[in-house]
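*Asks:* what follows is a predicted protein model with its sequence.
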Amino acid sequence: MVTKAHKIAQIGPAELKKYLKGFDFFERHVHGQWEGDLYAETHSRRFYETLRFLPELPSNARVLELGALPYYFTILMENFAGVRPDTLSFFEFEQSESATHAVQNVERGERYEFDYRAVNVETEVFPFANDSFDLVLCCEILEHLLINPSHMLYEAHRVLRPGGHILITTPNVLRWDNLWAMIRGANIYDRYHGNGIYGRHNREYSPGEVSELLQANGFQVERLETINVYGGSRGLFANRRDNIFALARANGEARVGFPESLFVLMDEYRNVARSGFTMGVDDAGQIGRGWYDVEKADVSFRWSGKTAKFYLKNQVGTKVVLRARCAHPRLPITVTLSVNGQCAGTATLTDHSWHDLVFDFESAATVLSCEIEVSETWVPGGDERQLGIAVHRILLAADDAD
């Protein structure tokens, strides 16, 4: 195990601040060293508390850091936790065209190089395999997301090994500064930001909301605290401190969850990021009208109506495969698939078992807009739904797929 406590105990926020001011990322890549000094002044205590919040890691630990720019915490992880994270950058970084960023502290004789990989963490699939990491760092990102933080949490869970951790830090919307601003008649919302749509705080969270969001997306919260890291008064109540720190363990399979207290009308949301998905697991953004709510028996599934739409990212094959069954009392049932407005063929269900329905298609479009139509629906007893077929999974497959 990598024991970090004794290393962190030997250095405090003031020492971290001095150390980080020696690095030249902002001088090299942004507006100048003055901005680097301001960044270190502002965030050194948060970095210190984040290091103290880390879980113990195995000696061969692999860590993914989301939103790693300007790599200062990446460097601290290497020095104090004994592990160099894989890095993904999230914000637009218009001043840099290089694929590698160099960061140097001349006084300390330290020089680092980091691969620059930009991913929009709320819309894109992370470029890593399942079960790759022991820890995902998500520091000061949640508050910048616009519409679907659950996508990021799903991807974080997917790339974590079973039992791996995510560590989230984010401003506490209930902090005393916000309450005092409202009392004196000031606005608590962030100013508009010239650095793109993710430059500002688009949505801040309460401690309870962070916990609810994590649990809805397959994480078990192990530790959640609020800590003052920006110089605020400690106050009488712990939930009024300025920053939230949450450590949670990946529990079970990855899934996308939308707590009703945080989301509304997500059936209208469209984000076609995958070439295959499972109903009730990662179907968010990839299904359209015509589907009923998720059900769970031996597997999760959705019933279609007479027609139902779905969307796939076109990147791996020439066949659309539906894992489906029907419960219609009159068999057989014919299913017709159209892809981008063109008929891709029909398939027939002759019993009530699960079957793979395979349809050939030809399209060079990046996104496949698909619609199924069933030959006949039925209404189960005591129900008003017009049921077509139950679908568990939809995916693209290549000609030589098993």
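*Replies:* Received the coordinates, thanks. What you are looking at is a predicted structure, and each value in this text was computed from that prediction instead of being measured.
*Asks:* nearest residue to Ser132 other than its sequence neighbours?
*Replies:* Leaving aside its chain neighbours, Ser132 sits nearest to Val159 (4.9 Å; criterion: CB to CB, 6 or more residues apart in numbering). Quick note: C-beta positions are derived from backbone N, CA and C, even for glycine.
*Asks:* can you pull the pLDDT of that neighbour?
*Replies:* What the model reports for Val159 is a pLDDT of 98.
*Asks:* that one is in contact with Pro127, isn't it?
*Replies:* No. Judged on CB atoms under 8 Å, Val159 makes no contact with Pro127 at a distance of 9.5 Å.
*Asks:* of the two, which one has the most company?
*Replies:* Counting neighbours by other CB atoms under 10 Å for Val159 and for Pro127 shows that Val159 has the greater number, 23 against 10.
*Asks:* need the contact list for that one.
*Replies:* For Val159, the contact set (CB atoms under 8 Å, 6 or more residues apart in numbering) comprises Leu64, Phe126, Phe128, Ala129, Asn130, Asp131, Ser132, Phe133, Val136.
*Asks:* and the furthest pair within these?
*Replies:* The span of those, defined through CB to CB, is set by Ala129 and Val136 at 13.9 Å.
*Asks:* and the two? Which one has more around it.
*Replies:* Neighbour count, other CB under 10 Å: between Ala129 and Val136, Val136 has more, with 28 against 9.
*Asks:* check which helix or strand that one maps to.
*Replies:* Assessed by DSSP states H and E, Val136 sits inside strand 133-139.
*Asks:* can you list the strands that that strand pairs with?
*Replies:* Neighbouring strands of strand 133-139 in its sheet, by DSSP bridges, are strand 63-66 (parallel), strand 160-171 (parallel).
*Asks:* just name the most buried of those strands.
*Replies:* When you average the neighbours per residue for each of the strands paired with strand 133-139 (mean count of other CB atoms under 10 Å), strand 63-66 leads with a mean of 24.
*Asks:* C-alpha coordinates for that one, PDB please?
*Replies:* What follows is strand 63-66, C-alpha atoms only, in PDB (Å, rounded to 0.1, in the frame of the first residue of the first chain):
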ATOM      1  CA  VAL A  63      -5.500   6.800 -11.400                       C
ATOM      2  CA  LEU A  64      -7.500   8.900 -13.900                       C
ATOM      3  CA  GLU A  65      -7.600  12.600 -13.400                       C
ATOM      4  CA  LEU A  66     -10.400  14.500 -15.100                       C
END
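*Asks:* re the thing from before, Throw the contacts of Val159 into a markdown table and include pLDDT and distance to Arg200, thanks.
*Replies:* Putting those into a markdown table (pLDDT from 0 to 100; distance: CB to CB, whole Å) gives the following:
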| residue | pLDDT | distance to Arg200 |
| --- | --- | --- |
| Leu64 | 98 | 25 |
| Phe126 | 95 | 24 |
| Phe128 | 96 | 28 |
| Ala129 | 96 | 33 |
| Asn130 | 96 | 33 |
| Asp131 | 95 | 35 |
| Ser132 | 97 | 31 |
| Phe133 | 98 | 29 |
| Val136 | 98 | 24 |
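*Asks:* domain map for this structure?
*Replies:* Per automatic domain parsing, the structural domains of the chain span 5-250, 266-397.
*Asks:* now the angle between strand 133-139 and the one helix or strand Arg52 maps to, please.
*Replies:* Element membership of Arg52 [criterion: DSSP H and E] is helix 33-53. Calculated by axes from the mean of the first three to the mean of the last three CA atoms, to 10 degrees, helix 33-53 forms an angle of 130 degrees with strand 133-139.
*Asks:* what's the following helix or strand after the strand holding Val136?
*Replies:* Downstream of strand 133-139, the first helix or strand assigned by DSSP H and E is helix 149-159.
*Asks:* any buried residues in that following helix, and which?
*Replies:* Across helix 149-159, burial judged by 16 or more other CB atoms under 10 Å covers Pro149, Ser150, His151, Met152, Leu153, Tyr154, Glu155, Ala156, His157, Arg158, Val159.
*Asks:* what sits against the fourth one?
*Replies:* So that's Met152. Contacts of Met152 were listed using CB under 8 Å, 6+ apart, and they are Leu66, Val121, Glu122, Cys138, Ile141, Leu142, Leu145.
*Asks:* and the fifth one, what pLDDT?
*Replies:* Note for Ile141: predicted pLDDT of 96.
*Asks:* shouldn't it be in contact with Asn120?
*Replies:* No. The criterion here is CB under 8 Å, and Ile141 misses it with Asn120 at 11.1 Å.
*Asks:* and those two? Which one has more around it.
*Replies:* Per other CB under 10 Å, whichever of Ile141 and Asn120 has more neighbours is Ile141, with 20 against 17.
*Asks:* and which of the buried residues of helix 149-159 is nearest to Gly285?
*Replies:* For the buried residues of helix 149-159, the closest approach to Gly285 (CB to CB) belongs to His151, at 7.5 Å.
*Asks:* tell me the contacts of that closest one?
*Replies:* Val121, Glu122, Thr123, Val256, Asn271, Ala273, Ala284, Gly285.
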